[in-house]
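*Asks:* coords please:
(one chain, ligands or ions: 1)
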Amino acid sequence: FRELRSGVSNTAAYSSSSSSSSSSSSPSHNSTQQRLPGAIIIGVRKGGTRALLEMLNLHPDVEVAKAEVHYFNVDEHYRRGLAWYRAQMPFTVPGQLTAPARVWDMNPAVRLLLIVRDPAERLVSDYTQVLHNRLTRNKPYQSLEELLIRHGHIDSGYKALQRSLYHQHLARWLEVFPREQIHVVDGDALIRNPFPELRKAERFLDLSPRISPNNFYYNTTKGFYCLLSAGHDKCLDESKGRPHAPLSAQAFKKLCRYFRKAQQAVLRNGGEVVLLVLIRRMAGKCRYSKQYLGRLTFRDTQRGNRCSGLDPVNLLIPAQV
Ligand SMILES: Nc1ncnc2c1ncn2[C@@H]1O[C@H](COP(=O)(O)OS(=O)(=O)O)[C@@H](OP(=O)(O)O)[C@H]1O
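*Replies:* Next comes the predicted model:
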C-alpha cells in the first residue's frame, strides 16, 4: 500500500506550508499549526482513495493534503525526515485531523483507513489509467489480456494483479498495527451510496456526525456522486470514472477464478475471515455482462468488470498474523 494523502484544503496555507519546509512544528498562520496526520488512507491506487479523501474533507474538523506526499514509500522523501513531512501538512487547529513500521514510528496511535473495491474492477481501472497515460503520450501499449494472461494462465507477476490482493497488503499493516486501528471502507458501497460509508468513517475517527446525505448528489452525466458543501459543488476529475478498457469474457472469468482461489487459499491456511460478511458464493459466476464485450476501442468500452461472489470487504487475515 502506498501512503496516500494527508493535508491541505486551503491554498494560502498550502503555499505557506511548502515554503517552511524544515521547521519542526511550523507554528503561526492565525494560531494554526502544521501537525503530523492523525489518520492516513492506505488503499491501493484506483481503490477510491481520492473519493474517500474528498468526502471526509466535507467534515469541518478534517483537513487534507492537496498533493500526495508519498513520504513513507519513497525513500528519498523518507530520508528528508518528519520535519519535511510535517511541512507538507495543512495548517490546523488542535483537535483537527490531518492524514507499517515507518508510520508506527511517526505515531503508533494513528488511525488507518483502508479502502478496497472489487479486485477485478480495480485491476481493470489500474490498467486503464496506465493505458490512458500511454495513449496521451503516444507511447506503445499492450492490451490488458497480453499483460494478464501468460501461456493461457493468469500471470501472477502482473503488478496490477498483485495490488488487488488486498489481504496481502492488510497482513503487512497488521504485523504492525492492531486491528482496531484499521477501518475498512467498502469502495463499491462508497460509489453506490457514499453517505453510510462516510458515517462509519466519522465514527471510527471519533468525529461528530457532520457529513449528511445533503452533501451528495448523483450526477447522471458522470455516473457518480458529486459533493456539495457551502453552496459549492465538486465532482472528482476526469481521471476518475473513465470508461474501462476491454477484456474478453474468457480472460475475465480466469481473473475471477484466480481471485477466488487466492481467497480460498488464505482460508485453507487457517486465515480468519474478518469484518462484516462471510465470503458469499465463492463459486459465483462472473457478472461480466455481454453488452460490454467485443468493444474494440478504448473510448467505446464500458464499466462493469466485477466478479460476483467476491466481496473485497471480506478481507482475510492470514494465519501468521
Ligand atoms: N464519487 C466518485 N466520483 C468519481 N469516482 C469515484 C467516486 N467514488 C468512488 N470513485 C472511484 O474512485 C476510483 C479512483 O480511485 P483512486 O482515487 O484511488 O484512484 S487514483 O489511483 O488516485 O487515481 C474511480 O475508479 P474508476 O471508475 O475505475 O476510474 C471511481 O470508480
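*Asks:* any idea how far Pro100 is from Tyr127?
*Replies:* Distance from Pro100 to Tyr127, counting by CB to CB, to the nearest Å: 26 Å. Any C-beta I mention is one placed from the backbone N, CA and C, and that applies to glycine too.
*Asks:* So for the two, which sits in the more crowded spot?
*Replies:* Tyr127 (26 against 17; other CB atoms under 10 Å).
*Asks:* That one: which element?
*Replies:* Under the criterion DSSP states H and E, the helix or strand holding Tyr127 is helix 119-136.
*Asks:* helices or strands next to that helix in the packing?
*Replies:* helix 144-148, helix 159-163, helix 249-268 (3 or more CB pairs under 8 Å, 6 or more residues apart in numbering; DSSP states H and E).
*Asks:* and Pro243, which of those helices is closest to it?
*Replies:* Within the helices and strands packed on helix 119-136, the stretch nearest Pro243 is helix 144-148; the backing value is 13.3 Å (CB to CB).
*Asks:* Please work out how many residues are found near the residue nearest to Val93 when sequence neighbours are not counted.
*Replies:* Nearest residue to Val93, sequence neighbours excluded (CB to CB, 6 or more residues apart in numbering): Thr32, at 5.3 Å. By other CB under 10 Å, the residues close to Thr32 number 18.
*Asks:* I'd assumed Glu63 was in contact with Thr32.
*Replies:* No: no contact is recorded between Thr32 and Glu63 when judged using CB atoms under 8 Å, the distance being 9.2 Å.
*Asks:* what's the overlap in contacts for those two?
*Replies:* Common neighbours of Thr32 and Glu63, using CB atoms under 8 Å, 6 or more residues apart in numbering, are 91-92.
*Asks:* Can you tell me which residues in the stretch 101-250 of the chain are near the ligand?
*Replies:* Taking CB under 6 Å from any ligand atom as the criterion, the neighbours of the ligand within the stretch 101-250 of the chain are 125, 190-191, 224-225, 236, 239-242.
*Asks:* Let's see which of these end up in helices.
*Replies:* The helices in this structure, assigned by DSSP state H, contain 125, 190-191 from those.
*Asks:* Now flag whichever of those residues is closest to the ligand.
*Replies:* Of all these, the one sitting nearest the ligand is Ser125; the distance, using CB to the nearest ligand atom, is 3.0 Å.
*Asks:* any weak-confidence spans in the stretch 201-321 of the chain?
*Replies:* Low-confidence segments of the stretch 201-321 of the chain, defined by pLDDT under 70, span residues 266-321.
*Asks:* my read: Leu52 touches Arg117, true?
*Replies:* No: under the criterion of CB under 8 Å, Leu52 lies out of contact with Arg117, with a separation of 10.7 Å.
*Asks:* Common neighbours of those two, please.
*Replies:* Contact criterion CB under 8 Å, 6+ apart; residues bridging Leu52 and Arg117 by contacting each: Gly187.
*Asks:* Now render the helices and strands packed on helix 119-136 as CSV, adding mean neighbour count.
*Replies:* Formatted as CSV, the helices and strands packed on helix 119-136 follow (neighbours: other CB atoms under 10 Å):
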stretch, mean neighbour count
helix 144-148, 18
helix 159-163, 18
helix 249-268, 18
